[in-house]
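>>> Starting from these lines, generate the structure:
(one chain, ligands or ions: 3)
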Amino acid sequence: MPNLNVNKTPMAVRDPLERGRDFGEVAQGYTAQQAMEEAARCLQCKHKPCTGGCPVQVDIPAFIRLVAEGDFAGAYEVIARASSLPAVCGRVCPQENQCEKHCVRGVKGEPVAIGRLERFVADWHNSQPIHPAQPVPSNGHRAAVIGSGPAGLACAGELLKKGCDVTLFEALHTPGGVLVYGIPEFRLPKKIVEQEIALLKSRGLKVMTNMVIGKVLSIDDLLDEQGFDAVFVGTGAGLPRFMNIPGENLGGVYSANEFLTRVNLMKAYLPNSVTPIRCGKRVVVVGGGNVAMDAARCALRLGAQEVSVVYRRSAEELPARAEEVEHAMEEGIRFCFLTNPVEILGDENRLVTGIRCVEMELGEPDTSGRRRPVEKTDSDFILRADTVIMAIGTSPNPLIKSTTEGLETQRWGGIVADEWGATSRQGVFAGGDAVTGAATVILAMGAGKKAAAAMDEYMRSKT
Ligand code: FAD
Ligand code: SF4
Ligand code: SF4
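Ligands and ions are numbered 1, 2, ... in the order given. Below is the predicted model:
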């Protein structure tokens, strides 16, 4: 029987007051019964508009039909053909702008909860006993993957499937990229990423951490001396931007990347952590994306009494995932819309005491199609703060470019690559945020996957 309910089957989430005090996961996922009930809402559209909205083209009606029939193993197989990190994507994909945006059930109600169903299937799969992967015969090629975020992991996974010998080089001491150092535990439990990396290792992946390519080894070393046939650069966009306003160098001002890395990767909130963090009673986060939401919600969990998000446009333009904004609001994060900081204020010890802001109004649309925020005259006011976190964007680190001759980059630092990831330097491929600038997990994965196909073809053409 089709389920004609216009709303999604609700998913349990922890109480905002309770969850705002710890790092346990907020959304609890579907039970098998809830998943089957939600799957029955799918109309099995022949033309699959939802799949068209998924950057890696998951066959959505096919996997949902299997969920409705209770064949969760079959559903996993369908998803895994297109996506190598379904437990991650089911949790963090901005579904409302991708697959679910195109779901026909969304016309007269809520779309089918594709992300929640994907998460359910992946979690079910991960709870089953692990079957050792069938060894793939070696194809004699060696590839180096630089960076262990979703782009690097997807690229490595695909190359392993083709029988390639793959070594992953990661600058940090733990692999996973933003999935481990940026996105907090309460949105994406780290054991999911660990499981994924363990699976790749069981299939032969070699992981070398604390390897900053550009410092320890160069791309030229990898190709000319270390004997790799091709290199994939998936180094992300981890270089924080600042506003260049007075006071940004005061004590208590963090980039969101530094703040989140201290919290997520270095576990600064644990009493025995050796990594210090200064999170005061009043915290102001500047920005409106996922990074800003994560920083604000982490600050709350570190014990801040008042956390405000300052965003220069209105609520409608917030780029963060709708669910994260909703959860942040439920937890008591305050939003100051149409507000722009102009100065960070400090005391005689050069520690933050507040942030001077001006009110904004929306003017004509700019090149992004969004209405440009314009400053209102004589509208400045002060928000008191002990900690200010800047979450206004990041760009690719220029280090990689300096490690090889002939690697073309954009003025803003992104590596120039074609749609298959080929760069201007022979044998070097690139994808993910290092090419596009800060984007999404699924786009980075898609790019890593495509580049693996092109690298395989390139390496075969050389032999
Ligand atoms: P990254 O994940 O950045 O990985 C790059 C890796 O390369 C890092 O581990 C880095 O240490 C390593 N590296 C860098 N330089 C070197 C070097 N020289 N040598 C060796 N290694 C190097 N996207 C979503 O879809 N949904 C979300 O909810 C979401 N939330 C986010 C929250 C935060 C806080 C952040 C920061 C991003 C979020 N994103 C989200 C964006 C998403 O995480 C990124 O688009 C994605 O991780 C990019 O993947 P990547 O593999 O290109 O790069
Ligand atoms: Fe939707 Fe992301 Fe899954 Fe694609 S990978 S179907 S966009 S949740
Ligand atoms: Fe099912 Fe919606 Fe996709 Fe149609 S568009 S197949 S209803 S998920």
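
>>> where along the stretch 151-300 of the chain do the strands fall?
165-169, 206-208, 230-233, 239-240, 253-255, 282-286 (DSSP state E, counting those that start in this stretch).

>>> need those strands in a markdown table with distance to residue 147, can you?
(Each C-beta comes from the backbone N, C-alpha and C, glycine too.) Output for the strands of the stretch 151-300 of the chain, formatted as a markdown table (distance: least, CB to CB, whole Å):
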| stretch | distance to residue 147 |
| --- | --- |
| strand 165-169 | 8 |
| strand 206-208 | 12 |
| strand 230-233 | 7 |
| strand 239-240 | 13 |
| strand 253-255 | 19 |
| strand 282-286 | 26 |
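
>>> Which among the ones you listed is found nearest to ligand 2?
strand 230-233 (20.7 Å; CB to the nearest ligand atom).

>>> Please list the residues outside the closest one that contact it.
The contact list for strand 230-233, computed with CB atoms under 8 Å, 6 or more residues apart in numbering, reads 141, 143-147, 151-152, 155-156, 219, 222-223, 400, 415, 421, 423, 427-431, 434, 448, 451-452, 455, 458-459.

>>> Keep only those of the residues you listed that are in strands.
Cross-referencing the contacts of strand 230-233 against strands under DSSP state E gives 143, 144, 145, 146, 428, 429, 430.

>>> I'd like to know how many residues surround the fifth one.
Other residues lying near residue 428 total 27 when counted by other CB atoms under 10 Å.

>>> For it, give its distance to ligand 1.
13 Å (CB to the nearest ligand atom, to the nearest Å).

>>> residues in contact with the closest residue to ligand 2 within the stretch 201-350 of the chain?
Residue of the stretch 201-350 of the chain nearest ligand 2, by CB to the nearest ligand atom: residue 321 (11.2 Å). Residue 321 makes contact with 92, 94, 96, 290, 293, according to CB under 8 Å, 6+ apart.

>>> Longest helix of this protein, counting residues only.
As assigned by DSSP state H, the longest helix anywhere in the chain is helix 441-462.

>>> What confidence value was assigned to residue 149?
With respect to pLDDT, residue 149 scores 97.

>>> do the one 4 residues further on as well
Predicted confidence (pLDDT) for residue 153: 96.

>>> cool, and the one 4 residues further on?
In the predicted model, residue 157 carries a pLDDT score of 93.

>>> same thing with residue 404?
Per the predicted model, pLDDT is 77 at residue 404.

>>> Just confirm it contacts residue 219, I think it does.
Yes. Counting by CB atoms under 8 Å, residue 404 does reach residue 219; the two are 4.0 Å apart.

>>> what about those two, which has more around it?
Using other CB under 10 Å as the criterion, residue 404 and residue 219 rank with residue 219 on top: 25 against 22.

>>> need the contact list for the more buried one.
146, 213, 231, 233, 400, 403, 404, 407, 425, 428.

>>> Break down the stretch 351-463 of the chain into its helices, ranges please.
Counting by DSSP state H, counting those that start in this stretch, the segments of the stretch 351-463 of the chain that form helices are 433-436, 441-462.

>>> Mind putting those into CSV with mean neighbour count and mean pLDDT?
Converted to CSV, the helices of the stretch 351-463 of the chain look like this (neighbours: other CB atoms under 10 Å; pLDDT from 0 to 100):
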stretch, mean neighbour count, mean pLDDT
helix 433-436, 26, 97
helix 441-462, 22, 95
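
>>> Report how many residues lie close to the nearest residue to residue 346 once chain neighbours are set aside.
Closest residue to residue 346 apart from its sequence neighbours, by CB to CB, 6 or more residues apart in numbering: residue 250 at 4.2 Å. Taking other CB under 10 Å as the criterion, the count of residues near residue 250 is 17.

>>> can I assume residue 250 is in contact with residue 352?
Yes. If you go by CB under 8 Å, residue 250 and residue 352 touch, sitting 5.1 Å apart.

>>> Need the overlap of contacts for those two.
344, 346.

>>> I figured residue 100 hits residue 50, correct?
Yes. Between residue 100 and residue 50 there is a contact at 7.2 Å, judged by CB under 8 Å.

>>> quick one, which of these two is more surrounded?
Neighbours of residue 100 and residue 50, each counted by other CB under 10 Å, are more numerous for residue 50; the result is 27 against 24.

>>> That one is in what secondary structure piece?
Using DSSP states H and E, residue 50 sits within helix 49-52.

>>> Could you export that helix as CSV, CA atoms only?
Taking Å, rounded to 0.1, in the frame of the first residue of the first chain, the C-alpha atoms of helix 49-52 are listed here in CSV:
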residue,chain,number,x,y,z
PRO,A,49,13.8,13.4,-11.3
CYS,A,50,15.4,12.9,-7.8
THR,A,51,18.4,11.0,-9.3
GLY,A,52,18.9,13.9,-11.7
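
>>> Is there proximity between it and ligand 3?
Yes. Helix 49-52 lies in contact with ligand 3 when judged by CB under 6 Å from any ligand atom; the contacting residues are 49, 50.

>>> elements contacting that helix?
helix 60-68 (3 or more CB pairs under 8 Å, 6 or more residues apart in numbering; DSSP states H and E).

>>> tell me what the helix it packs on is packed against?
helix 32-39, helix 49-52, helix 72-82, helix 114-126.

>>> If anything else comes up later, I'll come back, but that's it for now.
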